[in-house]
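Visitor: Got a sequence here, can you model it:
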Amino acid sequence: MAASWIQLYIKLNDKPASWTTEQLASKATGADGRLSPRRAYQAIWDILSGNATVWLHVTDDSGAYPAGAIGVTQANAAGDTVTFTWKTRTVVLTEGATGVNGFSRGASNAEMATNLAATIRKHPILGGLFTPTAGAASVTLAAKVAGTPLTKVVLSTSDATAFALTQPTGATDAAATFFVQSLWRNRR
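Guide: Take a look at the predicted model:
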C-alpha cells in the first residue's frame, strides 16, 4: 500500500520556542505521560489562534528510513543506561529501574536485548519513533519516519562495555510532491 506524509510547519510570529514547547507539553500530554493525538491536535489548534503562518509539505513515501543498533553485553550492564537525545529532549533508559524507562538485563544477552526492545516499543516517546527488533546480542532500531529527521537522534551510554551503539543512519528524504507556501489563521 502506498503511503504519503503531510509535514506541517508553523511559524509563531510572536511566541518563543520555550512558550510553544510548554503549551504542547502541558496540553498534549496526559497524566500518564503519554502524548494523545487528539490533545495534540487541539493544542496545535489553540496555538494557531494567535499570529501564525502555516506551511504544508506533502511527500510520497520514497525516502529511506534510517536504522541504528544497540549491542548488549548482559554481564556488564547492571544499573547502566542508554540515552536517546534529540535536540533538548532526552530519554534515559536504565537497567534495573522500574516504570516506562526501566528494563531488566535478565540472564543472557538475548534476554537483555528482548527486554530492552520491549521497553523501547512500549515507551510513550521512543515507541512512536522506532521499531525495535531484538537479536541474540543486539537491538536493531528501524525508524518509523522516512527521511533525515531521526538521524539527529543521538544514542549514548553510561558504559560502553555494556552497550555498543550504532547511530541511526542511512536516510534519504522523499521527493516533494506538493508544497503550499503559506496559509494562515488570524493573520494580522
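Visitor: distance of residue 107 from residue 99?
Guide: When Cβ to Cβ, to the nearest Å is applied, the distance between residue 107 and residue 99 equals 22 Å. In short, each C-beta sits where N, CA and C put it, glycine included.
Visitor: Ok, residue 164 next?
Guide: Remark: distance between residue 164 and residue 99 (Cβ to Cβ) = 25 Å.
Visitor: out of the two, which sits in the more crowded spot?
Guide: Using other Cβ atoms under 10 Å, the more surrounded residue of residue 164 and residue 99 is residue 164, with 14 against 8.
Visitor: low-scoring stretches of this structure, by residue?
Guide: Along the chain, the model assigns pLDDT under 70 to residues 1-2, 33, 50-51, 176-188.
Visitor: please redo it, this time with the cut-off set to 50
Guide: Low-confidence segments of the chain (pLDDT under 50): 188.
Visitor: next SSE after the longest helix anywhere in it?
Guide: Among the segments of the chain that qualify as a helix by DSSP state H, the longest is helix 109-122. Counting by DSSP states H and E, the element after helix 109-122 in chain order, helix or strand, is helix 126-129.
Visitor: Direction included, what does the helix or strand that comes right after that next one pair up with?
Guide: Using DSSP H and E, the helix or strand that follows helix 126-129 in sequence is strand 130-134. Its sheet considered, strand 130-134 pairs with strand 138-143 (antiparallel) by DSSP bridges.
Visitor: for the partner strand, which positions count as buried?
Guide: Using 16 or more other Cβ atoms under 10 Å as the test for burial, strand 138-143 gives 138, 139, 140, 141, 143.
Visitor: Domain map for this structure?
Guide: 4-63+177-185, 67-169 (automatic domain parsing).
Visitor: ok, and which of those domains has the densest surroundings?
Guide: Mean neighbours per residue, mean count of other Cβ atoms under 10 Å, is largest over these for domain 67-169, with a mean of 17.
Visitor: measure the residue nearest to the spatial centre of the chain to residue 144 for me?
Guide: Computing the C-alpha centroid of the chain and ranking residues by Cα atoms, centre = their mean puts residue 129 first, at 3.8 Å. When distance is defined by Cβ to Cβ, residue 129 is 6 Å away from residue 144.
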